[in-house]
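# Fold the following.
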Amino acid sequence: MMQLDLISDFDEDESLGDELDELEAGEQRCPFCGDTDQPWHYGLDAHHNPRNGHVEVSWQPCCLELREMVECDGWDATYGKPVEDCLREVFGWDDLHHVDLDDSLAVFMLQARILEPTERAMVWEAIDKHHRHHDHPCQWKFGAGCWNGRALVGVAVVGRPVSRMIQKAEPDTLEVTRLCTWGDRRLTFNVSSKLYGLACREARRRGATKMITYTLESENGASLRAAGFKAVAKTKGESWNRAARPRTDKAPTCRKIRWEREL
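Predicted coordinates for the structure are as follows:
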């Protein structure tokens, strides 16, 4: 199995100063065409897709023979390191997790934070566009967002409990009233549980003692269990419309499961 060899144009006994240091930093030549520019970027390029926020990676080798070698032996065997390490070296992506060159997709470590009040319009827009069965809520105490690289892949909204009975009986309880994720599943893995966890930590910092939320009976709640929630009750499910308070139902009226986490 052929490897790209580290070579120098100078004899080791010569005094080379900075020139030798630069070569020892990793300059390699293609064993087929002798290209010397290739090693510094490995034929890799990346750009930000403004439509979806994804970081897309492309690979253009210096010659056909090198392409065939990588396709036959694999990137790791050809270059002596994973493609992720090459990208970290070229672009300084310390938070890079995985790259799929076949799909030109770079997957990064998730980064989540509490959002500023001025970002609420962005959250409302994301919920209206991506939530499966709800529009944005009427109010919030705070919101949270999660990014994969530059791509916003999930948001959560925390507010007072929708149930007026819970509001009155448990004044220190908050509710995750909306949470949604979107995009490629490779970018959204663990996003929901990360947002639930961040929301609970922020609620506790603000003095709350319990966090609740609801899921449809048909949803399995795996991300909630991963974030420390427990299923405690099942609502009977019905319309919010009442004679004394007419409403138009804009959300499912099926049975729902209430989840709680003590803070």
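# secondary structure class for residue 225?
helix (DSSP: H, G, I helix; E, B strand; the rest coil).
# repeat for residue 69
Classified using three-state DSSP, residue 69 is helix.
# In terms of pLDDT, where does it sit?
With respect to pLDDT, residue 69 has a value of 89.
# same thing with residue 88?
Looking at residue 88, its pLDDT reads 92.
# cool, and the one 4 residues further on?
The predicted local distance difference test score for residue 92 is 90.
# can you count the residues close to it?
Other residues within reach of residue 92, judged by other CB atoms under 10 Å, total 9. All C-beta atoms are positioned from the backbone trio N, CA, C, and that covers glycine.
# And it, how far from residue 187?
Distance, residue 92 to residue 187, by CB to CB, to the nearest Å: 20 Å.
# go on, residue 196?
Shown here: residue 196 relative to residue 187, a distance of 18 Å by CB to CB.
# can you check residue 120 too?
23 Å.
# just residue 177 next, same as before
24 Å.
# And the strands in the chain, which stretches?
Using DSSP state E, the strands of the chain run over 44-48, 55-59, 96-100, 105-108, 110-114, 142-148, 151-159, 173-181, 210-216, 230-234, 256-262.
# Just send those back as a markdown table, with mean neighbour count too.
Output for the strands of the chain, formatted as a markdown table (neighbours: other CB atoms under 10 Å):
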| stretch | mean neighbour count |
| --- | --- |
| strand 44-48 | 14 |
| strand 55-59 | 17 |
| strand 96-100 | 17 |
| strand 105-108 | 21 |
| strand 110-114 | 16 |
| strand 142-148 | 22 |
| strand 151-159 | 24 |
| strand 173-181 | 23 |
| strand 210-216 | 20 |
| strand 230-234 | 12 |
| strand 256-262 | 19 |
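# Dump the ones you listed into JSON lines; add distance to residue 31 as well.
Converted to JSON lines, these look like this (distance: least, CB to CB, whole Å):
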{"stretch": "strand 44-48", "distance to residue 31": "19"}
{"stretch": "strand 55-59", "distance to residue 31": "18"}
{"stretch": "strand 96-100", "distance to residue 31": "24"}
{"stretch": "strand 105-108", "distance to residue 31": "28"}
{"stretch": "strand 110-114", "distance to residue 31": "39"}
{"stretch": "strand 142-148", "distance to residue 31": "36"}
{"stretch": "strand 151-159", "distance to residue 31": "37"}
{"stretch": "strand 173-181", "distance to residue 31": "45"}
{"stretch": "strand 210-216", "distance to residue 31": "57"}
{"stretch": "strand 230-234", "distance to residue 31": "59"}
{"stretch": "strand 256-262", "distance to residue 31": "58"}
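# Select, out of those, the one closest to residue 65.
strand 55-59 (14.9 Å; CB to CB).
# The strands of the chain into CSV, with extra columns for mean pLDDT and distance to residue 76?
Shown next, in CSV, are those (pLDDT from 0 to 100; distance: least, CB to CB, whole Å):
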stretch, mean pLDDT, distance to residue 76
strand 44-48, 89, 14
strand 55-59, 91, 14
strand 96-100, 93, 12
strand 105-108, 94, 17
strand 110-114, 97, 25
strand 142-148, 97, 24
strand 151-159, 97, 27
strand 173-181, 97, 31
strand 210-216, 96, 42
strand 230-234, 95, 43
strand 256-262, 96, 42
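# Who are the contact partners of residue 196?
By CB atoms under 8 Å, 6 or more residues apart in numbering, the residues touching residue 196 are 156, 176, 179, 213, 223, 224, 227, 229.
# pLDDT score for it?
On pLDDT, residue 196 comes in at 98.
# All set, thanks.
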